[in-house]
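>>> 3D, please:
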Amino acid sequence: MAPHEAIAAAGTLAPPGRWRDIVADVSSDQRAFKGVPWGKPMMWIFLLSDTFIFGSFLISYMTVRISTTVPWPNPSEVFALTLFGQTVPLLLIAIMTFVLISSSGTMALAVNYGYRRDRRTTFALLLATAALGATFVGMQAFEWYKLISEGVRPWGNPWGAAQFGSAFFMITGFHGTHVTIGVIFLLIVASKVLRGSLDQQRPGFLTGRRGNYEIVEIMGLYWHFVDLVWVFIFAFFYLW
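Next up is the predicted model:
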């Protein structure tokens, strides 16, 4: 078929009004994500892009550590705490990891009780998750303060390779920012749950549905991702 004949055939099959209908359907997600709240695929796309960023950071860290000719600081010594005269390696990091992993449990329970439409329990669990996240950020701030007071800078440190400081502040700072943003949004979602906003009817493709707690699940996707990233940071940065 000649090009001009194909164009003519397309115009016959889909008149101008039909093309407008197709564009309207796709832009409103009526066919692109039928039966799936638009927030879920958007969150998955965001998390995928974030995975590339964190992956690039960790790959860069491993490349620098392998290629440096100056001895790399020993994490067990750098991140050790002294308690009752005894030096305990990675004690603070272990507590931070336990706190953040525990928050994944409370977040999963919040999603579960959200779909049961148990407003009070969902609110309490979201608040507990936010509190654990804030505790993690507080301990990370203490870790930063401790290392800065010991002379760690993005351009150097007292224990060896200068790249250690820049890698530490870049990776942990970027992750800590994600946790902080997550805590803020957890509090926002918790306030919506407490007010009963998620129990009201919503316009659009969710019209007629009540007890719409999908936003709690979407928040859970983000929070579990942040926790999973920390597992990789813990393994590559603190244990290696």
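
>>> which ones are touching the closest residue in space to residue 185 that isn't next to it in sequence?
Excluding the flanking residues, the one nearest residue 185 by C-beta to C-beta, 6 or more residues apart in numbering is residue 219, at 6.2 Å. The way it works is simple: take the backbone N, C-alpha and C, and place the C-beta from them, glycine included. The contact partners of residue 219, by C-beta atoms under 8 Å, 6 or more residues apart in numbering, come to 107, 126, 182, 185-186, 189.

>>> and the gap between residue 224 and residue 100?
11 Å (C-beta to C-beta, to the nearest Å).

>>> Sketch out the low-pLDDT regions of this structure for me.
1-37, 200-211 (pLDDT under 70).

>>> what about 90?
1-42, 68-70, 72, 74-90, 115-118, 151, 154-162, 194-214, 239-240 (pLDDT under 90).

>>> In TSV, list the contacts of residue 219 along with neighbour count and distance to residue 140.
Listed next are those as TSV, based on neighbours: other C-beta atoms under 10 Å; distance: C-beta to C-beta, whole Å:
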residue	neighbour count	distance to residue 140
107	29	19
126	31	21
182	23	13
185	17	18
186	28	17
189	25	23
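
>>> got those as a markdown table, with secondary structure columns?
Compiled in a markdown table, the contacts of residue 219 are given as follows (DSSP: H, G, I helix; E, B strand; the rest coil):
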| residue | secondary structure |
| --- | --- |
| 107 | helix |
| 126 | helix |
| 182 | helix |
| 185 | helix |
| 186 | helix |
| 189 | helix |
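
>>> on that earlier part again, between residue 224 and residue 100, tell me which one has more neighbours.
When residue 224 and residue 100 are compared for neighbours, residue 100 comes out ahead with 25 against 16, by other C-beta atoms under 10 Å.

>>> Return the list of helices and strands in contact with whatever helix or strand the more buried one lives in.
In this assignment (DSSP states H and E), residue 100 forms part of helix 91-115. Under the contact criterion of 3 or more C-beta pairs under 8 Å, 6 or more residues apart in numbering; DSSP states H and E, helix 91-115 touches strand 81-83, helix 119-149, helix 214-233.

>>> Looking at those, which is nearest to residue 69?
With C-beta to C-beta, the closest approach to residue 69 among these belongs to helix 119-149: 23.0 Å.
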